[in-house]
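> got a sequence here, can you build the structure:
(one chain, ligands or ions: 1)
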Amino acid sequence: MKTFENFKIDVDADGIAVIAFDVPGRSMNTLTSGVMAELPELAELIKTDESIKGAVITSGKASGFCAGADLGDMAGGMVGGASLQDAFDAGWKMNGALRAIETCGKPVAAAINGLALGGGLELTLACHYRVAGDNPKIQLGLPEIKVGLFPGGGGTQRLPRLIGVQAAMMAMTEGKSFRPNDAKGAGIIHEVVAAGSEVEAAKAWIKGGGKAVAPWDDKGFKQPGGGPYHPAGIQNFLVGNAMIKKQTYGNYPAALNLMKAVYEGIQVPIDAALRIETRYFIKTLMTPQAQAMIRSLFLSKQELDKGAVRPAGVPKSDPKKVTVIGAGMMGAGIAYVQAMAGIETILIDQTQEAADKGKAHVEELLKKRLSRGQLTQEKFDALLGSVTATTDYDLIKGSDLVVEAVFENREIKADVTKRAEAQLAEGAIFGSNTSTLPITGLAEASVRPEDFIGIHFFSPVDKMMLVEIILGEKTGEAAIAKTLDYVLKIKKTPIVVNDSRGFYTSRCFSTFLMEGMAMLEEGWAPALIDNVGRMTGMPRGPLEMHDDVALDLSYKIAKQTALDLGDKYVPAEGADIVAKMVEGGRFGRKNGMGFYDYASKPKTLWAGLAELAPVTKHIDGPEEPGAFGQIDELKTRLLYRQAVEVARCWEEGVIDDPREADLGAILGWGFAPWTGGPITLIDQTGLAKFVETADRLAATYGDRFKVPQLLRDMAAKGETFYGNFAGSQKAAA
Ligand code: NAD
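Below you'll find the model as predicted:
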């Protein structure tokens, strides 16, 4: 029998071929170009080999069934200069092969013994029967939308035919994954069995006379929930289109193309439907948005998650005991992620009561996991037991690292630094979770500033994936490496930046808030400002986000900056408005009063704002030609203002790696993901065009849009950031 590189085949006495998917040299199966090349041959073998009566496809790996397409291969292989026909042919390979398996005339079952995502799940959807193990680690889903794509291996056609258009569209537009029992409830798989007995159950189905025909190849097949011309079915598309527009503001071609593929596809037989899917898939893959999102949200993320910027010369470390000082909102969150990563945690606060309160928060988060079946009681007890709440600094002894998350106050932080360092062994690291105080200044309290570093977590710590590591002037290589080892161990994505007021993320994010304030001062209506903010692809508008961050924090930072900068201080846009609001007791979402009132749901704009910032500007009516131009101008201002600040950070050396700059922006402050990040936005716009637009904005609105000389020089030479990038300087240093 023919042998394969990626599939091991074993035919039993009953003629059932157990096909173990096992890509050599990889910890997890993905649909590499090698797998794609073998899939048609595999289909042919199942169909033509007479010793095979039926087949069970399973995974030969303990890590999972299949994590989906190899996006690195795909982005390069299908798009790199390919003609449309070549791109279609490449895209069709998967669909053609899966369709061949589906129509081979013999029963084929998928024994899902690990996570099956994207193309991995699509492979199982082309099988006639799906059985999954009862294992909470198994996830089944089609998450392609998260990287600017949609399922292109038959998912857009088979899932709606299986569970109806509405449920399928929800699963695909949210990229949501299902646990085995939920997937069974939704009708995506047929059976859930005890983990480890998937292959047996799949074989039993075949031996019991399992049918070798997909439901949609049966003569009497009816689309569940009705097709587009069915009175109920049509609602899915009328409402669905509106919902997609509402959620994406037209920024994500993938979502719209997904809808088109489903709408057109379910009206025709499956073979034609799959070709329709491939056409829309290729069209989507070629959009700048998909290219940008795949690079930043998948490829760069993978690289940074593997420690791409870690100094190579320092031996790998494995932090086993870490102390967190300050058991408030941030400290408790940090203790939780540490416990989850198997790190012994000492959680210190000023009083036992405060420390216990922090640990109670850890317990609350762990309980959620317990109730969802993601933790056993035994594991729950062990994880909670790994956190010690105390006031005793002696317990710090033996820690590999300390993370300080006490009040944002220089003196308190200096005191804590001294007390903690007295307990630390040589080579242990002291990290500060400050959000605003420059690291070089805080390091002055340290007796070994080479081991002092900024470890900036985002709130809420358990949900936010980014950690911004900040280097003080004296931070040494070993400290960078050990901190990266720690951040990777708690499964967060790290970026490493140099010291600057507001570091990288807070500094650039604040420009989004400030541009919103500038618009408010100019007389634009607050509702318009926030709507336009959302239209750019930011998660919320600048005023809403200002409320979330807290107006009193803006106010305090402005005061502190004025003190620090003296004569050089220039008040930020709208500082007067914020000051009046804070002095009147409006602190933002945290006390239910900011630009919005939060007493009622949904929140409503605060009526008093009309007096502080009277509305004097209006968008022209639809009959006048300028309306869309005005909206576009406001959108451009919000995005360019942030991108210009990012470019300034680059020129000043705060950042030097486009992957970190882009991913840090998306994960750290929600910079419009469709752009792939601010650096990609500049690159894709073209440096010359970006500079030209920014110059025009600077002439109209002021120097805040003035680009750094670096951008002009790059534009003159026809360069791009990614084109110039030859590896991080930090890693090379
Ligand atoms: P918090 O007020 O919720 O918690 C601070 C905790 O530190 C309190 O429990 C307090 O009792 C404790 N503390 C104060 N002095 C102490 C001392 N001398 N020894 C031991 N414990 C002491 O504040 P938070 O929001 O958790 O912020 C903590 C730090 O994290 C600040 O530096 C803040 O700037 C930074 N940060 C906050 C956020 C955020 O969104 N809240 C985000 C990133 C960074």
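> what about Thr345, which SS state?
Following DSSP: H, G, I helix; E, B strand; the rest coil, the label given to Thr345 is strand.
> contact partners for it?
321-324, 335, 338-339, 386-388 (CB atoms under 8 Å, 6 or more residues apart in numbering). Just so you know, the C-beta spots here come from the backbone N, C-alpha and C atoms, and that holds for glycine as well.
> if we go by neighbour counts, what in the one helix or strand Ala579 maps to is buried?
Using DSSP states H and E, Ala579 sits in helix 575-583. Neighbour-count burial for helix 575-583, with 16 or more other CB atoms under 10 Å as criterion, is recorded at 575, 577-579, 581-582.
> how far away is the closest residue to the ligand within the stretch 251-400 of the chain from Lys320?
Across the stretch 251-400 of the chain, the shortest distance to the ligand (CB to the nearest ligand atom) belongs to Gly328, at 1.7 Å. Distance of Gly328 to Lys320, given as CB to CB, to the nearest Å: 25 Å.
> and Ser197, by the same measure?
Taking CB to CB, one finds Ser197 at 37 Å from Lys320.
> with Val532 instead?
Val532 sits 49 Å away from Lys320, going by CB to CB.
> the more surrounded of the two?
Counted by other CB atoms under 10 Å, Val532 and Lys320 do not tie: Val532 has more neighbours, with 25 against 13.
> ok now whatever helix or strand the more buried one lives in, how far from the chain's centre?
Using DSSP H and E, Val532 maps to helix 526-535. Put simply, helix 526-535 sits 23 Å off its chain's centre (CA atoms, centre = their mean, to the nearest Å).
> counting by contacts, list what it packs against.
On a contact count with 3 or more CB pairs under 8 Å, 6 or more residues apart in numbering; DSSP states H and E, helix 526-535 meets helix 505-522, helix 542-549, helix 627-651.
> closest to Leu115 out of those helices?
helix 505-522 (30.8 Å; CB to CB).
> buried residues in the closest one, which are they?
In helix 505-522, counting by 16+ other CB under 10 Å, buried: 505-520.
> any part of that helix near the ligand?
No - contact of helix 505-522 with the ligand is not found when judged by CB under 6 Å from any ligand atom; the minimum separation is 8.5 Å.
> where are the low-confidence patches of this structure?
75-82, 622-628, 727-733 (pLDDT under 70).
> tell me which stretches of the stretch 601-733 of the chain form strands.
604-605 (DSSP state E, counting those that start in this stretch).
> neighbours of the residue in it that the ligand sits nearest to, just the number please.
Here the stretch 601-733 of the chain gets closest to the ligand at one residue, Gly668, 10.6 Å apart by CB to the nearest ligand atom. Using other CB under 10 Å, Gly668 has 23 neighbouring residues.
> same question for Gly105.
10.
> does it touch Ala212 like I think?
Yes - counting by CB atoms under 8 Å, Gly105 does reach Ala212; the two are 5.8 Å apart.
> hmm, back to that, with distance to Ile145 added, can I get the helices and strands packed on helix 526-535 in TSV?
As requested, the helices and strands packed on helix 526-535 are exported to TSV (distance: least, CB to CB, whole Å):
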stretch	distance to Ile145
helix 505-522	24
helix 542-549	24
helix 627-651	22
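> for stretch 86-104, output the C-alpha coordinates as CSV.
Extracted C-alpha coordinates of stretch 86-104, given in CSV (Å, rounded to 0.1, in the frame of the first residue of the first chain):
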residue,chain,number,x,y,z
ASP,A,86,-3.0,29.8,-10.0
ALA,A,87,-4.4,31.2,-6.8
PHE,A,88,-7.8,29.5,-7.5
ASP,A,89,-6.1,26.2,-8.2
ALA,A,90,-4.1,26.4,-5.0
GLY,A,91,-7.2,27.2,-3.0
TRP,A,92,-9.2,24.5,-4.7
LYS,A,93,-6.7,21.8,-3.7
MET,A,94,-8.1,21.5,-0.3
ASN,A,95,-11.8,21.7,-1.4
GLY,A,96,-11.2,19.2,-4.2
ALA,A,97,-9.4,16.7,-1.9
LEU,A,98,-12.0,16.9,0.8
ARG,A,99,-14.8,16.6,-1.7
ALA,A,100,-13.1,13.5,-3.1
ILE,A,101,-13.0,11.9,0.4
GLU,A,102,-16.7,12.8,0.9
THR,A,103,-17.6,11.1,-2.4
CYS,A,104,-15.3,8.1,-2.3
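> going by neighbour count, list what's buried in it.
87-88, 90-104.
> and if you look at stretch 471-487?
Under 16+ other CB under 10 Å, the buried positions of stretch 471-487 are 471-472, 474-487.
> for the closest residue to the ligand within the stretch 551-700 of the chain, which non-adjacent residue is closest in space?
Nearest residue of the stretch 551-700 of the chain to the ligand: Leu553, at 8.7 Å (CB to the nearest ligand atom). Leaving aside its chain neighbours, Leu553 sits nearest to Gly588 (7.9 Å; criterion: CB to CB, 6 or more residues apart in numbering).
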